[in-house]
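Enquirer: requesting a structural model of the entry that follows:
(2 chains)
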Amino acid sequence: MPITKDDVLKIAELARLELTPEESESFTVQLDAILGYIDKLDELDTREVAPMSHSTTASGDTEYSRRDDVARPSLGQQSAVANAPDSEAGYFKVPKVIGN
Amino acid sequence: MELREQSIKAVRQQIAAKKISAVELCKAAFARIEKLADLNAFISLTREDALAQAQAIDQAAQSGAELPPLAGTILAVKDNMVMRGVKTTAGSKILYNYIPPYTATAVERLQAAGVIIVGKANCDEFAMGSSNENSAYGIVKNPWDTERVPGGSSGGSAVAVAAGMAMAALGSDTGGSIRQPAGFCGIVGLKPTYGRVSRYGLIAFGSSLDQIGPFANSVEDIAQLMNVMAGRDPLDSTSSEKATDDYVAALDGDVQGLRVGVPKECFGEGLDAEVREKIEASIKKFAELGAEIIEVSLPHSEYAVPVYYLIATAEASSNLARFDGVRYGFRAEEAYTLKDMYNRTRDEGFGAEVKRRIMLGTYALSAGYYDAYYGKAQQVRALIEGDFRNAFDRCDVIVTPVTPTPAFKLGEKTANPLEMYLSDIYTITLNLAGVPGLSMPCGLASNGMPIGIQLISRHFDEARLLKAAHNLEQATGLGFKPRAIEGL
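Expert: Next up is the predicted model:
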């Protein structure tokens, strides 16, 4: 099924990207070509294949462990907001959530 | 002082013997970087910190103290690894002013071992690209021919080493981003096993695929770097607790009886004749050295590109959700609601390739398409991993090309993303399976460009991989020097 411009605009909305009109045109053509190529996977019957999400299981390496859940010093508020485009009194500041 | 001719071991010995000073070496590196600024290998330089580190090493040498194992190694770090207090952009406008409050573990371990970091190397934006043409900070040029790409995404790291601006570099490899630029630039690059080197502090792209690894002029130098970098890090839960090997000690010995697998699928259609010829010559060399050559099969290789571009983009669309103009980096101006601010920040802050991949990944994960795309890709991924398992039942090391052709021209593939993706055909299977791979030069094409060969081993078998590579390197000789900057 070919990708339409409406599909592209819907995906852009999900991905929080406000595309320019040129971008939505070019992405429609390019994503359609890429997905057309990806359809090659349909050649394979995978009904009996368990999905693999990570190679840690494939390597037979079970030697992964979680660290103990103990409190450690963290960044601190000043350092955490130091890179923010806008902040006030140690908080991240953003435009209002609800429009006019 | 010609950095391309300095081994890590020799530099340390000469500094310890006070035959050279780390400060002189460091200054020579910066002089070289300035001279070759047109290659655009660096996004930012760390001159003051580098000189301070060099002075500290010289003082230690003066006092007769034992120098750490990598003392004086001039290193470039790909700009997608964070360093405390040093601007880190990941090649993106969206992080144009980001000053990290912490340092990546791999970088920290190398610093503690005495490396001198000269700067942050240019790369494709968020490590997405095969040509280093996707950086918000400009394209990087190949020192062998400045009309050609250096490869990507760790193009700046590869060029820094190939052009003698650094002795070694750190890169990251999600689908070939260390091995492909190493091949295009005529140097050695290693993607370790998934989990062998900590990724704490690496800006995430595809989390089930990403791995940090080294670039250097020789296999021995790669082993020196791995001895310091490899091993468990409590700050990265995917780093393995498996014991590491002494990779330098592992280089000793021959390849008598080593079973070298040659997958027939990697020598078919689309492979450049000269690349084939050089790889076949290297296989012959292995046979002369006493290795046993065995034909193996990786039957699902042809499905690797579609699988990769679903899994990597799905993971990227999730990982890159954090760049929203709130906590760091760029924020679009004059956006009056939060959602408007998110949408415009991301559209203005990300480049075209990153947006394309976020779009593809979002689509693959979206309701109604998840099973057909992402789920299917995970199943085929299991088949690709099974191919390697079966092949390694019959051999110890697998040999393939790194890329179908030597480095292509700048601009040659930018109009067609799919064609660009297909240049990763021999490298991405390793990331999907998690196995380690090393890329090293094995000859020159008639147009003078280097040709790379890829060696692959079982998970966590870097010791054997490096030993095989070292033997091949000793037999074929070093001395692949970039032509375009000869005499500079």
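Enquirer: give me the residue at the spatial middle of chain B.
Expert: Nearest to the geometric centre of chain B sits B:Ile178, at 2.0 Å (C-alpha atoms, centre = their mean).
Enquirer: again, but for chain A
Expert: Short answer for chain A (C-alpha atoms, centre = their mean): A:Ala15, at 7.7 Å.
Enquirer: show me what contacts that one?
Expert: B:317, B:346, B:358-359, B:362 (C-beta atoms under 8 Å, 6 or more residues apart in numbering or on different chains). In short, each C-beta sits where N, CA and C put it, glycine included.
Enquirer: residue 27 - how many residues pack around it?
Expert: Just going to use chain A. Using other C-beta atoms under 10 Å in any protein chain shown, A:Phe27 has 25 other residues around it.
Enquirer: not quite, go with chain B.
Expert: Neighbour number of B:Lys27 under other C-beta under 10 Å is 16.
Enquirer: next one: B:Ala121
Expert: Other residues close to B:Ala121 by other C-beta under 10 Å number 33.
Enquirer: so what's it closest to, chain neighbours aside?
Expert: Spatial nearest neighbour of B:Ala121, excluding adjacent residues (C-beta to C-beta, 6 or more residues apart in numbering or on different chains): B:Gly156 at 3.4 Å.
Enquirer: tell me how many other residues crowd the nearest residue to B:Phe392 once chain neighbours are set aside.
Expert: Counting by C-beta to C-beta, 6+ apart, B:Phe392 lies nearest to B:Arg458, which is 5.0 Å off, once chain neighbours are set aside. For B:Arg458, the neighbour count with other C-beta under 10 Å is 22.
Enquirer: for B:Arg458, give me the pLDDT.
Expert: On pLDDT, B:Arg458 comes in at 97.
Enquirer: now do B:Met128 against chain A, distance only.
Expert: Applying C-beta to the nearest C-beta, to the nearest Å, the value for B:Met128 to chain A is 14 Å.
Enquirer: which stretches in the stretch 301-450 of chain B count as strands?
Expert: B:397-401, B:437-444, B:450-457 (DSSP state E, counting those that start in this stretch).
Enquirer: go on, chain A?
Expert: Applying DSSP state E to chain A gives strands spanning A:87-88, A:91-92.
Enquirer: among these, which comes closest to chain B?
Expert: strand A:91-92 (5.3 Å; C-beta to the nearest C-beta).
Enquirer: close to chain B, is the closest one?
Expert: Yes: counting by C-beta under 8 Å from any C-beta of the partner chain, chain B has neighbours in strand A:91-92: A:Phe92.
Enquirer: and the residue of chain A closest to chain B?
Expert: A:Ser55 (2.5 Å).
Enquirer: how many residues are close by that residue?
Expert: Neighbour count for A:Ser55, taken as other C-beta under 10 Å: 24.
Enquirer: show residues contacting stretch B:464-479.
Expert: Contacts of stretch B:464-479 (C-beta under 8 Å, 6+ apart): B:188, B:190, B:217-220, B:222-223, B:226, B:247, B:250-255, B:258, B:260, B:282, B:285-286, B:288-289, B:291, B:396-397, B:436-438, B:440, B:442-443, B:453, B:455-458.
Enquirer: re earlier: could you dump the strands of the stretch 301-450 of chain B to TSV with mean neighbour count?
Expert: Formatted as TSV, the strands of the stretch 301-450 of chain B follow (neighbours: other C-beta atoms under 10 Å in any protein chain shown):
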stretch	mean neighbour count
strand B:397-401	25
strand B:437-444	26
strand B:450-457	27
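Enquirer: in CSV: the strands of chain A, plus mean neighbour count.
Expert: Converted to CSV, the strands of chain A look like this (neighbours: other C-beta under 10 Å):
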stretch, mean neighbour count
strand A:87-88, 14
strand A:91-92, 12
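Enquirer: what about these, which gets the closest to B:Leu271?
Expert: strand A:91-92 (51.6 Å; C-beta to C-beta).
Enquirer: now the one residue in the stretch 301-450 of chain B that gets nearest to chain A, nearest residue through space, not along the chain?
Expert: Residue nearest to chain A within the stretch 301-450 of chain B (C-beta to the nearest C-beta): B:Gly434, separated by 2.5 Å. Leaving aside its sequence neighbours, B:Gly434 sits nearest to A:Ser55 (C-beta to C-beta, 6+ apart; 2.5 Å).
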